[in-house]
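1. what's the 3D shape of this:
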Amino acid sequence: MTFDQITLPNGLRIIGERIPHFRSVSVGLWLGSGSQYEGDGEGGVSHFLEHMVFKGTEKRTARQIAEEMDAVGGQLNAFTAKECTCFYAKVVDEHLPLAMDVICDLATHPAFDPDEMAKEKGVVIEEIAMAEDTPEDLVHELIMLAHYGDQAVSRPILGTEQSVSDCTRERLHGYWHRMYRPQNAVLAIAGNYDWSAVLDMANALLGGWKAEGLDRLPCVTRQAQPTVVTKEKDIEQVHICLGYPALPMGDDRNYNIAIFNSVFGGAMSSRLFQKIREELGLAYTVYSYPNAYTDTGMLSVYAATSPDTAAQVYDMILAEARAIAEGGMTPQEFAMAREQLKSGYILGLESTSARMQSNGRRLLLMDRTRTETETIDAINAVDYDAANALMKRLLTAPHSVALVGKGVEALAERLKV
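-> Below you'll find the model as predicted:
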């Protein structure tokens, strides 16, 4: 399948994937705005901005935004990540004009009402408190700090209670003016649509969007010395996270990482799951996963267990990492994991939302696209020996550790980090 693709005179990139046998369509406006690009004193501003646009625009109140989409049975939402923000909607194809109008209005004409801003600060501060009270979320935040130190990539997307409280309307508007610009955006669409009609709507809604602000600077993450970060909490389990170096987004060797991650800890048949949960019964949850950003990457391992068995679980993770690094995957494990990766990729694209998100994110962050066939071909091209060699290099490198729970400061002193 090929893509419909064009760049408007103001720099806005548009990508479409037409699926005519569907009756739904998903559309998203992607912005290169996230915690990676926040300056001093701006912590959490990208995420707070995403919240505030839903509180009203120059022509819609917050209630009207909700009611217009509910009236046609549509889904409207947004999210903020470290390197991007996306406003998106999914509707029956006949309601695409409304969906495009709403999401474009949100991003380009926010009101930033001071009264609404004061109320929404409380909402975001509660969201921060909820993350603090969720140890699995917290330990994944801390592993970024342990692995990268005080760099942009390790900043929490939500910011802190202090940074959100201190955010002024002038700071919010200034950040929006700097980051929300057509040359820093992608409009992505997938499902049943008419391309010429999409272009007419895009030109009407976004063609006059001015190319103001600054060019988006590339993310620059330096290599840091991995360390241990702990957070004492009076809870029943110790939450453990290890971080190993990996590869940045766009490197085709990430398919190698995805395959050996499945064998290591990314599936129910993985070595970590089978050993720590099934054979030893030491944890209910144990898994590994790769994270890739435009300029760096990390392979993380997570487990939650009792304080009495935390050191044992940590040692077992290291033992399994050493064993698979030294002995490699078996050919059978490699073949099964590669089929899992292909199947997971295909099944994950069986919705217009998933296809829109895949295409929009890739074009925004890497300025290129890749078809389904090209992706499957790249997975099939992964070499067994190369995958084992890369796995050995990554899993024998120095690793970082984050610990959350009771007695973790004392535990950290005992661990062989």
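2. Now tell me which helix or strand of the chain has the poorest mean pLDDT.
-> helix 408-414 (a mean of 91; mean pLDDT, DSSP states H and E).
3. How about the residue nearest to the spatial centre of the chain: what's its closest non-neighbour residue?
-> With distances taken as C-alpha atoms, centre = their mean, Ala81 lies nearest the centre of the chain, 5.2 Å away. If the residues on either side of it in the chain are set aside, Ala81 comes closest to Gly34, at 5.4 Å by C-beta to C-beta, 6 or more residues apart in numbering. Placement of C-beta: from N, CA and C, glycine included.
4. List the contacts of Ala387.
-> Counting by C-beta atoms under 8 Å, 6 or more residues apart in numbering, Ala387 touches 256, 259-260, 329, 334.
5. Flag the shaky bits of the stretch 101-250 of the chain, pLDDT-wise.
-> 212-217 (pLDDT under 70).
6. Quick one: the strands in the stretch 151-300 of the chain, in order.
-> 185-191, 228-232, 238-245, 285-292, 297-305 (DSSP state E, counting those that start in this stretch).
7. Would you mind finding the most buried of those strands?
-> strand 185-191 (a mean of 27; mean count of other C-beta atoms under 10 Å).
8. And for that strand, what's in contact with it?
-> 12-19, 22, 24-32, 93, 96, 107, 198, 202, 206, 352-353, 355-357, 359-360, 363-364.
9. one step back: the contacts of Ala387 in helices, which ones?
-> Under the assignment DSSP state H, the contacts of Ala387 contribute 256, 259-260, 334 to helices.
10. Format those residues as CSV; extra columns: pLDDT, neighbour count and distance to Met316.
-> Converted to CSV, these look like this (pLDDT from 0 to 100; neighbours: other C-beta atoms under 10 Å; distance: C-beta to C-beta, whole Å):
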residue, pLDDT, neighbour count, distance to Met316
Asn256, 97, 22, 24
Ile259, 97, 28, 22
Phe260, 96, 28, 18
Phe334, 98, 21, 23
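11. Put together CSV for those residues, with distance to Ala325 on each row.
-> Output for the ones in helices among the contacts of Ala387, formatted as CSV (distance: C-beta to C-beta, whole Å):
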residue, distance to Ala325
Asn256, 14
Ile259, 15
Phe260, 10
Phe334, 15
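12. ok, Ser163 - how many residues close by?
-> When counting by other C-beta atoms under 10 Å, one arrives at 19 neighbours for Ser163.
13. Give me the spatial nearest neighbour of it, chain neighbours excluded.
-> Per C-beta to C-beta, 6+ apart, closest to Ser163 is Gly43, 3.7 Å.
14. Number of residues surrounding the one you found?
-> 22.
15. who's in contact with it?
-> Gly43 makes contacts with 35, 155-156, 159-160, 163-164, as judged by C-beta under 8 Å, 6+ apart.
16. likewise Val27?
-> Applying C-beta under 8 Å, 6+ apart to Val27 gives the contacts 88-90, 96, 99-100, 103, 187-189, 356.
17. And Pro245, by the same measure?
-> 297-299, 394, 397.
18. give me that answer again for 6 Å
-> If a contact means C-beta atoms under 6 Å, 6 or more residues apart in numbering, then Pro245 has 394, 397 as its contacts.
19. what does Leu206 give?
-> 12, 104.
20. mind checking how far it is from Thr330?
-> Separation of Leu206 from Thr330 (C-beta to C-beta, to the nearest Å): 52 Å.
21. Out of the ones in helices among the contacts of Ala387, which comes closest to Glu236?
-> Nearest to Glu236 among these is Phe260, at 32.5 Å by C-beta to C-beta.
22. any idea how far the nearest residue to the closest one once chain neighbours are set aside is from Ala146?
-> Closest residue to Phe260 apart from its sequence neighbours, by C-beta to C-beta, 6+ apart: Met391 at 4.3 Å. Distance of Met391 to Ala146, computed by C-beta to C-beta: 22 Å.
23. How about Leu76?
-> From Leu76 to Ala146 the distance is 37 Å (C-beta to C-beta).
24. okay, those two: which has more neighbours?
-> Ala146 (25 against 19).
25. Now do the helices in the stretch 201-350 of the chain.
-> 254-261, 271-272, 310-327, 331-348 (DSSP state H, counting those that start in this stretch).
26. quick one, which of those helices is packed in tightest?
-> The highest average neighbour count among these, using mean count of other C-beta under 10 Å, belongs to helix 254-261 at a mean of 23.
27. which strands and helices sit next to that helix?
-> Counting contacts by 3 or more C-beta pairs under 6 Å, 6 or more residues apart in numbering; DSSP states H and E, helix 254-261 is packed against strand 285-292, helix 331-348, helix 384-395.
28. Settle this for me: the residue nearest to Phe260 is touching Ile259, isn't it.
-> No. Assessed by C-beta atoms under 6 Å, Met391 is found out of contact with Ile259, at 8.9 Å.
29. For Tyr88, which non-adjacent residue is spatially closest?
-> Using C-beta to C-beta, 6+ apart and skipping residues adjacent in sequence, the residue nearest Tyr88 is Gly28, 3.6 Å away.
30. Averaged pLDDT, the helix or strand where the one you found lies. What do you get?
-> Using DSSP states H and E, Gly28 maps to strand 24-31. In this model, strand 24-31 carries a mean pLDDT of 98.
31. Which helix or strand lies directly C-terminal to that strand?
-> Strand 24-31 is succeeded, C-terminally, by helix 45-53 (DSSP H and E).
32. what does that following helix contact?
-> Residues contacting helix 45-53 (C-beta under 6 Å, 6+ apart): 33-35, 38, 78, 80, 85, 106, 110, 112, 120, 124, 157-158, 167, 172, 175-176.
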